[in-house]
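Participant: Sharing a model prediction with you, sequence too.
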Amino acid sequence: MAKADGIYRITEVIGTSETSWEDAAKRAVQAASKTLRDLRIAEVVKQDLKVEDGKVVAYRTRVMLSFKYQK
């Protein structure tokens, strides 16, 4: 039986962008990487839009991030 490679935690972050969902996801990961070490996986779990006066003004992407647990 193979040994586990470690313990991982998962946290949820939301990125926003005036450009796209992809940019919002990148911003979320970039911001989280400033305080979380050893990020492993980013999973997009939800996308939505902010609408004002019938126009899209922002894209929001909710991302679940997995990172190696440090004791």
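Facilitator: Noted; the coordinates are in hand.

Participant: residues of the strand or helix carrying Gln30 that come out buried?
Facilitator: For Gln30, the host element (DSSP states H and E) is helix 21-32. Within helix 21-32, the residues that qualify as buried are 21, 24-29, 32, counting by 16 or more other C-beta atoms under 10 Å. Just so you know, the C-beta spots here come from the backbone N, C-alpha and C atoms, and that holds for glycine as well.

Participant: can you redo the residues you listed as CSV with pLDDT?
Facilitator: As requested, the buried residues of helix 21-32 are arranged in CSV below (pLDDT from 0 to 100):
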residue, pLDDT
Trp21, 97
Ala24, 98
Ala25, 97
Lys26, 97
Arg27, 97
Ala28, 97
Val29, 96
Ala32, 95
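
Participant: now, which of the residues you listed sits nearest Lys50?
Facilitator: Closest approach between those and Lys50, by C-beta to C-beta: Ala24, at 10.6 Å.

Participant: wait, that closest one sits on Val13?
Facilitator: No: contact criterion C-beta atoms under 8 Å: Ala24 and Val13 do not qualify, at 10.3 Å.

Participant: ok, the residue nearest the centre of the chain to Thr19 distance?
Facilitator: Centroid-nearest residue in the chain, with C-alpha atoms, centre = their mean: Val63, separated by 3.1 Å. Val63 sits 16 Å away from Thr19, going by C-beta to C-beta, to the nearest Å.

Participant: coming back round to it: what's the helix holding Gln30 in contact with?
Facilitator: 11, 13-17, 39, 42, 44, 47, 59-61, 63, 65 (C-beta atoms under 8 Å, 6 or more residues apart in numbering).

Participant: Would you write a PyMOL line that selects the buried entries of these?
Facilitator: Written as a PyMOL command, the selection of buried residues from those, which uses 16+ other C-beta under 10 Å, is:
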select buried, resi 13+15+17+42+59+60+61+63+65
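
Participant: Which residue in the contacts of helix 21-32 has the weakest pLDDT?
Facilitator: Lowest pLDDT within the contacts of helix 21-32 is found at Leu39 (90).

Participant: What residues sit buried inside stretch 34-42?
Facilitator: Those would be 36, 42, for stretch 34-42 by 16+ other C-beta under 10 Å.
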